[in-house]
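> Next one to model:
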Amino acid sequence: MTSIIIISILFIMLVWGVLIYNKLVHDKNTSLSAWSDIDVQLKRRHDLIPKLVEAVKQYANYESSLLESVTTLRSQAKSIDQISKRENVERELQSQVHKLIAVAENYPELKASQNFLELQKDISDIENDIQYSRRYYNGAVRNINTRIDSFPDLIVARFFKYKYHEYFQLDD
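Just a heads-up that it's a prediction; the model follows:
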């Protein structure tokens, strides 16, 4: 009789452990998938930056320091894998791209250019997509990090050496 109770308890604990492990795997994969979405949006922005630089260069070639800064930051951002380091570069790149677009205010011909207006709209759309993706990603990170910290999930998470995921913050 006691052996049946012990076997039942062990079976329940095993099922419990498997369920928690599967939830941790699900949350980890959701976080990784959400990061992939952010990465796609950032790459889309990176692909538009040379076109934007070229459009501004045609009208405002003496804004060269800003153009060089945007180009350099784009190259840096594409080469960084660690989220916290990339976050800083992407934040600076975002700021410089906004400055670059603001430069158009000083050049009526540039501001009226259909090519520039389309690029400006595309950049704006991508920035919105980045914000949506970032919010989703940070929600997924919050879920996995909460699960890692919550009892009884933390027992399984620590046993399988789950690590906290990093949030990705950009300016709105």
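> Moving C-terminal from the helix or strand of the chain with the lowest mean pLDDT, which element do we reach first?
The helix or strand of the chain with the poorest confidence is helix 108-112; it has a mean of 78 (mean pLDDT, DSSP states H and E). Next in sequence after helix 108-112, counting helices and strands by DSSP states H and E, comes helix 114-149.
> what's the helix or strand harbouring residue 32 packed up against?
Residue 32 is part of helix 2-59, with elements assigned from DSSP H and E. In terms of contacts (3 or more C-beta pairs under 8 Å, 6 or more residues apart in numbering; DSSP states H and E), helix 2-59 is packed against helix 64-79, helix 83-103, helix 108-112, helix 114-149, helix 153-159. C-beta coordinates here come from the backbone N, C-alpha and C atoms, glycine included.
> Now do the second one against helix 2-59, angle only.
When you say that, I think you mean helix 83-103. Angle of helix 83-103 versus helix 2-59, following axes from the mean of the first three to the mean of the last three C-alpha atoms, to 10 degrees, is 30 degrees.
> Go through helix 83-103 and flag the buried ones.
Buried residues in helix 83-103, defined by neighbour count with 16 or more other C-beta atoms under 10 Å: 83, 86-87, 89-90, 92-94, 96-97, 100-101, 103.
> which ones are touching the residue lying closest to residue 55 once chain neighbours are set aside?
Leaving out its chain neighbours, the residue that sits closest to residue 55 by C-beta to C-beta, 6 or more residues apart in numbering is residue 116, at 4.8 Å. Contacts for residue 116 were tallied using C-beta atoms under 8 Å, 6 or more residues apart in numbering; they are 52, 55-56, 104, 110.
> And those residues, which is closest to residue 161?
residue 52 (43.4 Å; C-beta to C-beta).
> circling back: what helices or strands is the least confident helix or strand of the chain leaning on?
If you count contacts as 3+ C-beta pairs under 8 Å, 6+ apart, helix 108-112 packs onto helix 2-59.
> how far does the helix holding residue 32 sit from the chain's center?
Here helix 2-59 is found 12 Å from its chain centre; the criterion is C-alpha atoms, centre = their mean, to the nearest Å.
> Name all residues that make contact with the residue most central in space within the chain.
With distances taken as C-alpha atoms, centre = their mean, residue 38 lies nearest the centre of the chain, 3.8 Å away. Counting by C-beta under 8 Å, 6+ apart, residue 38 makes contact with 130, 133-134, 137, 168.
> how much space is there between the residue nearest to residue 123 when sequence neighbours are not counted and residue 74?
Counting by C-beta to C-beta, 6+ apart, the nearest residue to residue 123 once its immediate chain neighbours are dropped is residue 48, at 5.8 Å. According to C-beta to C-beta, to the nearest Å, residue 48 and residue 74 sit 10 Å apart.
> Right, I'll leave it there.
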